[in-house]
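Undergrad: Structure for this input, please:
(one chain, ligands or ions: 3)
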Amino acid sequence: MKYQLVSGLETHVELATKTKIFCGCTTAFGGEPNTHCCPVCTGQPGALPILNKKVVEYAIRAGLATHCTINTTTHLDRKNYCYPDLPKAYQISQFDKPLCEHGYVELESGKRIGITRIHIEEDAGKLVHESGYTLIDYNRGGVPLIEIVSEPDISSPEEAKEYVEKLQLIMRYIGVSDCKMQEGSMRCDVNISVMPEGSKEFGTRTEIKNMNSISYIDKAMRYEYERQCEVLNDGGKIVQATLRYDEKTGETSVMRTKEDAQDYRYFPEPDILTVVIPESKVEEIKSQLPELPLEKLNRYIDELKINPATARLLYKYKKVCDFVEKVISLGASVKNAVNLTTGVLYSKLPTEEDKENFALPVTAEETAKLIKLADEGKINITLAQQTLSKMAEEGNPVSAYIKEEDLAGVDDSELEEICKQAIENNPAAAADFKGGKEKAIFALYGFVKKATQGKADIKKADAILKKLILG
Ligand code: ADP
Ligand code: MG
Ligand code: ZN
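TA: Ligands and ions are numbered 1, 2, ... in the order given. All right, here's what the predicted structure looks like:
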C-alpha cells in the first residue's frame, strides 16, 4: 500500500529582545555559565515576574507577518513539569488563548501552510552532561520564545524544508530573531503520520523533538515516513510517541510515549495580569512592518525585471537587498547594480552567513557612483568590476582608483585611430575575422582595451572595427 505523509511543525524561535521575558537579565548567547541570571529567572521562591513589553510587540510582529489574527486580550498560563532545566517546576507559557492565531506561510507553489497559533513563553536552562555529571546553565532560562504551531498541511520533506526556510526568512526580515539553528535560536519539533493515499483520515502521529538543522529535518522525516509505512505494511500499529533523532545513525528512537495537555495541569499564571493590547498598538506595529520576503521577490521580478534566478540570489539576504535598493535609488541602473552585486560582491561573501551579515567596507553611495560611470559609458564594465572588487577589499572611494582625468573616456576620433592601429598591429586576426572566424576579433578588442587602459567602450570599438575590416 502507498502512503501519504502528513506533517505539522512546532517551531521555537528565540526573540532578539535585549532582556529576558520576565526580568532584566541579558539574553546574550553564551557567557560564563549562570552569570546571566537573577532570582526571577532561576525561580527563587517569592520572586515575581514582570512581562517584557517588547516580547509582546515582537510576537505581534511575527503574527502579523504570518497573516495571523491578534488576540488583543490574552493571558499567560503555567505549564507544570518537573525537570532540572526549569527550577520553578513550571514554564510560563500560553495555553487556551495564544497571542496570535489562524495565519499562514505561503510557499512558492502558492500552497499555504496554515499557522494554528503563535504563543509566547520562556526558554528553559541548558543541561550539560559531562564525565558522569550533569551540569546546569541557567543563562538561557527565561529567554523569550515564540512557539509557532503549523497545521498538519505539510505533505513532503521538500515542503517542510521550504516552510522552515520561509519562516526563517520572514523572522529575519522583521528583525524578531536571527533564527540561527546551529545556535539554537530556532528549533523544530516535527510531527509525522502517514495515511493511505487518497484517504482523508489522519493516522497516529509521532513527534521528533528539537531538530536543529534543516538537513536533519529532511533526513529524519524520510526515515520516520519509511519506518511508519513498514510498521503498517507489516500489519502493526503506530504508537503515539515523542522521538529523538540520532544524527549519527540517522534513526529515530523513543524518548517517551504519549503525553497529553492534561499531564501538564495548565492553569492561568496568577503572578501576571491579563494582557490587554490596544488596537492602535497592533495597527502601529502593522504599519511599521517592512516588505516581506515573498513580496520583495515578486517586486524584483515583476517591477524591477530582474530575472527570477538572480532575484532569488538577492532576496534571501535583507542587508544585501537594502544595499542594492539604495544603489538603485541613487541612480545606478538595475542591471548593473544587480549583476555587480551578485558577481563581484558575492565572490567575497562565500558563506550564507557572510551574505547575511554583508560586512564589506564598501558603501552604497560609492558603488552607485561607480556604476553610473559604467552606465554612462565612461568606463567599461570590466573596469567597473575590477574597481568594485578593490573597493570591497580596501574600502576606498571610487576616486582612489579612477581619476577625474581618466573619465573623459575615449572620444570617437581617438577610438577610430586606435582601432586602425589594432588592425595594423594584428593583420592576421583582422584577416581571419574577414574570412569568417568571428572569435578572431577578440585579439583586436584586447589591443583596444590595452591601448586605452580599459576606458574604451568596447561596443563602440566593435562597430568601428567591423566597419574598418568589412567595409
Ligand atoms: P501537542 O501540543 O500535544 O504536540 P497539537 O495538537 O498542538 O499537539 O499538535 C502539534 C502539531 O502536530 C501541530 O503542528 C499539528 O499540525 C501536528 N499534527 C497534529 N496531528 C497530526 C497528524 N495526525 N499527523 C501529523 N501531524 C499532526
Ligand atoms: Mg508537541
Ligand atoms: Zn533574570
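
Undergrad: got a list of contacts for the helix or strand of the chain with the lowest mean pLDDT?
TA: Using mean pLDDT, DSSP states H and E, the weakest-scoring helix or strand in the chain turns out to be strand 251-257, at a mean of 85. For strand 251-257, contacts defined as CB atoms under 8 Å, 6 or more residues apart in numbering pick out 206, 208-209, 220, 223-224, 227, 239-246. C-beta: built from backbone N, CA, C; applies to glycine.

Undergrad: Any of those residues buried? List them.
TA: Buried by 16 or more other CB atoms under 10 Å: 206, 208-209, 220, 223-224, 227, 241-245, out of the contacts of strand 251-257.

Undergrad: Where do the strands of the stretch 51-200 of the chain begin and end?
TA: Under the criterion DSSP state E, counting those that start in this stretch, strands of the stretch 51-200 of the chain are mapped to 69-70, 73-74, 77-80, 90-93, 100-106, 112-122, 126-130, 133-137, 144-150, 186-196.

Undergrad: Return the list of strands paired to the fourth one, each annotated with direction.
TA: Going back to what we said before, that points to strand 90-93. strand 77-80 (antiparallel) (DSSP bridges).

Undergrad: The partner strand near ligand 1 at all?
TA: No - contact of strand 77-80 with ligand 1 is not found when judged by CB under 6 Å from any ligand atom; the minimum separation is 10.4 Å.

Undergrad: show me where the stretch 251-400 of the chain has strands.
TA: Using DSSP E, counting those that start in this stretch, strands in the stretch 251-400 of the chain cover 251-257, 267-268, 275-276.

Undergrad: To ligand 1, which of those lies closest?
TA: strand 251-257 (12.3 Å; CB to the nearest ligand atom).

Undergrad: what's the angle from the closest one to strand 186-196?
TA: Orientation check (axes from the mean of the first three to the mean of the last three CA atoms, to 10 degrees): strand 251-257 against strand 186-196 gives 90 degrees.

Undergrad: buried ones in strand 251-257?
TA: Buried residues in strand 251-257 (16+ other CB under 10 Å): T252.

Undergrad: Sheet partners, orientation included, of that strand?
TA: strand 241-246 (antiparallel).

Undergrad: what's next to the partner strand, contact-wise?
TA: Contacts of strand 241-246 (CB under 8 Å, 6+ apart): 206-211, 216, 219-220, 223-224, 251-259.

Undergrad: before we move on, back to that, out of the contacts of strand 251-257, which one sits closest to L297?
TA: A220 (28.6 Å; CB to CB).

Undergrad: where does the residue of the chain found nearest ligand 1 fall, phi/psi-wise?
TA: Nearest residue of the chain to ligand 1 (CB to the nearest ligand atom) works out as G8 at 2.0 Å. Per-residue torsions, G8: phi -130, psi 140 (degrees, to the nearest 10).

Undergrad: Now the residue of the stretch 101-250 of the chain found nearest ligand 3. Nearest residue, chain neighbours left out?
TA: Relative to ligand 3, the nearest point of the stretch 101-250 of the chain is G142 (5.5 Å; CB to the ion). Counting by CB to CB, 6 or more residues apart in numbering, the nearest residue to G142 once its immediate chain neighbours are dropped is C41, at 3.3 Å.
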